[in-house]
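Participant: Next input, structure requested:
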Amino acid sequence: MSARSGSELLEALSALANPHRLQIITALLNETNYVSQLAREIGISRPLLIMHLKKLEDAGLVKSRLELSGDGKAMRYYEVVNFDIRLTPELISKAK
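Facilitator: Numbers count the residues shown, from 1 in each chain. Below is the predicted model:
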């Protein structure tokens, strides 16, 4: 994902302008993970993590899928979407 409209660019930059969200991107960089495990790894509560994941997903930076575990429990897994945001004066001028 590299070509973005002005509103998409602002949404992505807003999503990335938070230290917790940067931690989440880093934690998901090399592996898909489910909410509970990710919350333990990062050291934040599940509700707070879910709020940050929603912001990242709305910005198109992560995606999720629902899977059933062996015991029938629904687990939401998240992974990073490949993105490349290059800021240039021209891109910024188009993002008005």
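
Participant: Return the alpha-carbon coordinates of stretch 47-54 using CSV.
Facilitator: Coordinates of each C-alpha in stretch 47-54 appear next as CSV, following Å, rounded to 0.1, in the frame of the first residue of the first chain:
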residue,chain,number,x,y,z
PRO,A,47,-9.3,-3.2,25.9
LEU,A,48,-6.5,-0.7,25.4
LEU,A,49,-4.8,-3.0,22.8
ILE,A,50,-8.1,-3.5,21.0
MET,A,51,-8.6,0.3,20.7
HIS,A,52,-5.1,0.7,19.2
LEU,A,53,-5.6,-2.3,16.9
LYS,A,54,-8.8,-0.8,15.6
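
Participant: which residues are in contact with it?
Facilitator: Identification of contacts with stretch 47-54 by CB atoms under 8 Å, 6 or more residues apart in numbering yields 18, 20-21, 24, 35, 38-39, 42, 44, 62, 64, 78. Glycine gets a C-beta too; all of them are placed from N, C-alpha and C.

Participant: Take the residues you listed and keep only those in strands.
Facilitator: With DSSP state E as the criterion, strands contain 62, 64, 78 from among the contacts of stretch 47-54.

Participant: What residues are bridge-paired with the last one?
Facilitator: Per DSSP bridges, the residues bridged to Tyr78 are Asn33, Ser64.

Participant: Tell me the helices and strands packed up against the helix or strand where Leu66 lies.
Facilitator: Assessed by DSSP states H and E, Leu66 sits inside strand 62-68. Helices and strands touching strand 62-68, by 3 or more CB pairs under 8 Å, 6 or more residues apart in numbering; DSSP states H and E, are helix 19-28, helix 46-58, strand 74-80.

Participant: I would like the residues contacting the last one, please.
Facilitator: For strand 74-80, contacts defined as CB under 8 Å, 6+ apart pick out 24-25, 28-29, 31-36, 38, 53, 57, 61-69.

Participant: any low-confidence regions in the protein?
Facilitator: Applying pLDDT under 70 to the chain flags the ranges 1-4, 96.

Participant: which one in it is furthest away from the centre?
Facilitator: Outermost residue of the chain with respect to the C-alpha centroid, by CA atoms, centre = their mean, is Asp71; its distance is 27.6 Å.
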